[in-house]
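Undergrad: Have a look at this fold, sequence not included:
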């Protein structure tokens, strides 16, 4: 386990390059937009299924 941690730390120090501030900002905007779109799509599907289930049970009871 100690070897793994040491090797991971060395790889992080020697082989990982961080994006520039501009790249990071652009990526953050892209992630935020897609997160909002995915959340809206999930909400829409959930609302649709809730409505379908409500109609089904109302027809079953009534």
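TA: Here it is on my side, so go on. Treat the numbers as computed from the prediction; the structure is a model and nothing was measured.

Undergrad: And the residue nearest to the spatial centre of the chain, which helix or strand is it part of?
TA: Taking C-alpha atoms, centre = their mean as the criterion, residue 35 is the residue nearest the geometric centre of the chain, at 5.8 Å. Taking DSSP states H and E as the criterion, the element that holds residue 35 is helix 21-61.

Undergrad: mean confidence for that helix?
TA: Summarised as a single mean, pLDDT over helix 21-61 is 97.

Undergrad: Use 551 as the first number from now on
TA: OK, 551 is where the count begins now, so the last one is helix 571-611.

Undergrad: Can you give the distance from that helix to the centre of its chain?
TA: A distance of 11 Å separates the C-alpha centroid of helix 571-611 from that of its chain, computed with C-alpha atoms, centre = their mean, to the nearest Å.

Undergrad: With stretch 560-579 instead?
TA: Stretch 560-579 sits 19 Å away from the centroid of its parent chain (C-alpha atoms, centre = their mean).

Undergrad: what do you get for stretch 605-612?
TA: On the basis of C-alpha atoms, centre = their mean, stretch 605-612 is displaced by 35 Å from the centre of the chain it belongs to.

Undergrad: residues of it that come out buried?
TA: Of the residues in stretch 605-612, none has enough neighbours to count as buried (16 or more other C-beta atoms under 10 Å). Bear in mind the C-beta positions are built from the backbone N, C-alpha and C, glycine included.

Undergrad: Quickly note the distance from the residue nearest to the centre of the chain to residue 591.
TA: According to C-beta to C-beta, to the nearest Å, residue 585 stands 11 Å off from residue 591.

Undergrad: What of residue 561?
TA: Taking C-beta to C-beta as the measure, residue 561 falls 37 Å from residue 591.

Undergrad: Residue 571 now?
TA: 31 Å.

Undergrad: Could you give the average pLDDT over the helix or strand hosting residue 560?
TA: Counting by DSSP H and E, the element that carries residue 560 is helix 552-565. Taken as a whole, helix 552-565 has a mean pLDDT of 94.

Undergrad: Pull the distance from it to the chain's centre.
TA: When distances are taken as C-alpha atoms, centre = their mean, helix 552-565 is centred 28 Å away from the chain's centroid.
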